[in-house]
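1. Predicted structure and sequence below. I'll ask about it afterward.
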Amino acid sequence: MSNLYPVAGCRIYIGGVLNPGLEDFELADFDGQTWTEIDGWSTMGSFGDTATLITTALINRGRDVKQKGTTNAGSMQNVFASIQDDPGQIALIAAGAGAVKDNYAFRLDFNDAVQPVSSTVTITIASPGVVTWTAHGLVAGTPVSFSTTGALPTGITAGTTYYVMETGLTANSFQISATPGGAAIDTTGTQSGTHTATTVPAPSSAYFSALVMTTAQAGGEANTIRNINATLEINSNIVFVEPIPAPPAP
């Protein structure tokens with residue numbers, strides 16, 4: 001089935017100190033983090049909100065009344081094959097030291113990125129530049145890159161990721177920005193050749209803040225490798241970012 005995705009290919013990253021505040025996190029709260037992938041991830045633990053059950057026994061009703069109380073995003077039990085010189089594992093172990101009381105930012109990228117779609121396009125020399133792609137089906141925020149058999153207009157670099165803007169978005173054309181929600185890119189100079197635009201798939205992701213409670217070394221019988229058992233006590237809401245839907249094939 002096309003909507004089933006394996007755990008294989010998922011990735012986990014650790015960022016810097018990020019302690020929760022009074023309000024739930026939004027995606028923007030994770031801007032500016034420097035992410036380091038943690039290599040050797042062999043077991044992904046479960047995570048997500050679970051509500052605490054409040055049970056009140058009412059005498060007059062002769063029945064327990066149940067309600068939802070506070071929520072807990074869980075203890076994520078992960079296993080990593082020990083790789084002593086991996087920067088991500090080094091950062092994880094440091095965050096798990098007993099003297100460290102801070103929460104750290106984490107990001108999970110899932111293995112569900114859509115297949116890229118390409119089409120020949122034309123680009124205007126204008127302020128802002130407009131990309132024409134007939135019946136593109138793209139939505140605002142879709143990442144795209146460009147290639148050419150000749151020269152792209154000044155302002156657009158081959159192989160760089162740009163983002164479809166909501167402003168000026170029509171069924172057959174769009175403007176682009178260098179960052180999601182950023183300013184439109186102006187194009188200048190001259191151009192030549194045939195230009196091609198290609199979507200840049202991005203998987204769904206999860207962002208949260210957690211205490212690294214343990215990074216215990218684990219052994220086993222002779223024909224096993226050394227592992228790190230890492231428990232992440234998730235101490236915030238989880239911000240899920242869905243993948244941008246694939247546009248219809250041209």
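-> In hand now; what should we look at? Numbering: from 1, shown residues only.
2. Let me see the residues that make contact with whichever helix or strand Ser42 is part of.
-> Assigning secondary structure by DSSP states H and E places Ser42 in strand 41-43. With contact meaning Cβ atoms under 8 Å, 6 or more residues apart in numbering, strand 41-43 is reached by Cys10, Arg11, Ile12, Gln77, Asn78, Val79, Phe80, Ala81, Asn227. From N, CA and C alone the C-beta is placed, and that goes for glycine too.
3. Can you tell me which of these is nearest Thr214?
-> Gln77 (9.5 Å; Cβ to Cβ).
4. Tell me the buried residues in the host helix or strand of that closest one?
-> Using DSSP H and E, Gln77 sits within strand 75-81. Buried residues in strand 75-81, defined by neighbour count with 16 or more other Cβ atoms under 10 Å: Met76, Asn78, Phe80.
5. Could I get the average pLDDT for the following helix or strand past that strand?
-> Using DSSP H and E, the next helix or strand after strand 75-81 towards the C-terminus is helix 87-95. Regarding helix 87-95, the rounded mean pLDDT is 98.
6. who does helix 87-95 touch, helix- and strand-wise?
-> Counting contacts by 3 or more Cβ pairs under 8 Å, 6 or more residues apart in numbering; DSSP states H and E, helix 87-95 is packed against strand 11-17, strand 36-37, strand 205-218, strand 227-234.
7. Tell me which residues are up against it.
-> 12-14, 36-40, 80, 82-83, 100, 102, 104, 212, 215, 228, 230.
8. Look up the closest residue to the residue nearest the centre of the chain, ignoring the ones flanking it.
-> The geometric centre of the chain, computed from its C-alpha atoms, lies nearest to Ser205 (Cα atoms, centre = their mean), at 3.2 Å. Of all residues beyond its chain neighbours, the one nearest Ser205 is Val241 (4.5 Å), with distances taken as Cβ to Cβ, 6 or more residues apart in numbering.
9. Distance-wise, check the one you found relative to Met44.
-> 17 Å (Cβ to Cβ, to the nearest Å).
10. Look up phi and psi at the residue of the chain most remote from its centre.
-> Largest separation from the mean C-alpha position in the chain: Asn60, at 51.0 Å (Cα atoms, centre = their mean). Here the main-chain torsion angles of Asn60 (degrees, to the nearest 10) amount to phi -70, psi -30.
11. now swap in Thr196 and tell me
-> phi -130, psi 130.
12. Just confirm Val139 is within a helix.
-> No - read with DSSP: H, G, I helix; E, B strand; the rest coil, Val139 is coil and lies in no helix.
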